[in-house]
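[1] Sequence first, predicted model second:
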Amino acid sequence: MRLAKNILFWLTTVVLVVVVAAIVATRLMGVGFFAVATGSMTPDIPVGSLVVVVPTEAEDIKVGDDITFVTKGDVVVTHRVIAIDREANEFTTWGIANARNATDAPSRYENIIGVVRLKIPGAGMLFTWLSTLQGKIVAATGIIALYLLYSILSVLTKEKRKEPDEPEAQVQGGRPPGQAPPL
């Protein structure tokens, strides 16, 4: 029972720390988390993946990098850089699952959010759900329920320690009472 209580406490604490750290990292360092909604980057970045995007200076982006940017219609897109026009300050990108001639219109440097540094398949679906009001309510309720369960287990384990089954035998002279000394 005590082991279960400790596992529950540390599991809940780790989840909270990771969530808070992710939020703080996003705010302080400009790191972005985006869920992939289409298959244009399959198989490298499957639908439902979570991509972690780090702000990067345009001069440091090179052909072959996967970048996240905003299109003219304010749509956030993650595609691969296939050409760079440094004089016009533009990148040409392509969704690798699309036909080779289906390149995107050039994106201006100022529309670049950053370079994809981490891809986590499947995590984007969870991220999207947690972004909804329902997801936030369920997550908060789950965390509160885990801490309540931990508190209940703590009370139960303390009560068991206070109610011993029988009084402990006092050891006298190195042997329990009632035991004859060796001959």
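    Ah, there it is.
[2] contacting residues around residue 62?
    81, 84 (Cβ atoms under 8 Å, 6 or more residues apart in numbering). Backbone N, C-alpha and C define where each C-beta goes, glycine included.
[3] Can you give me the separation between it and residue 86?
    According to Cβ to Cβ, to the nearest Å, residue 62 stands 11 Å off from residue 86.
[4] buried ones in the longest helix seen in the chain?
    The single longest helix within the chain, with elements called by DSSP state H, is helix 133-162. Buried residues in helix 133-162, counted by 16 or more other Cβ atoms under 10 Å: 146, 150, 153.
[5] now the strands: where do they sit in the chain?
    32-35, 50-54, 66-70, 76-85, 90-94, 107-108, 112-120 (DSSP state E).
[6] nearest residue to residue 15 other than its sequence neighbours?
    What sits nearest to residue 15 in space, not counting adjacent residues and going by Cβ to Cβ, 6 or more residues apart in numbering, is residue 143, at 7.1 Å.
[7] who are the neighbours in contact with that neighbour?
    Residue 143 neighbours (Cβ under 8 Å, 6+ apart): 12, 15, 16.
[8] Most neighbours out of those, which is it?
    The most neighbours of any of the contacts of residue 143, using other Cβ atoms under 10 Å, belong to residue 12, which has 18 neighbours.
[9] mind checking how far the closest residue in space to that one that isn't next to it in sequence is from residue 131?
    Nearest residue to residue 12 in three dimensions, chain neighbours excluded: residue 146, at 4.3 Å (Cβ to Cβ, 6+ apart). Counting by Cβ to Cβ, the gap from residue 146 to residue 131 is 21 Å.
[10] Kindly report the same for residue 75.
    17 Å.
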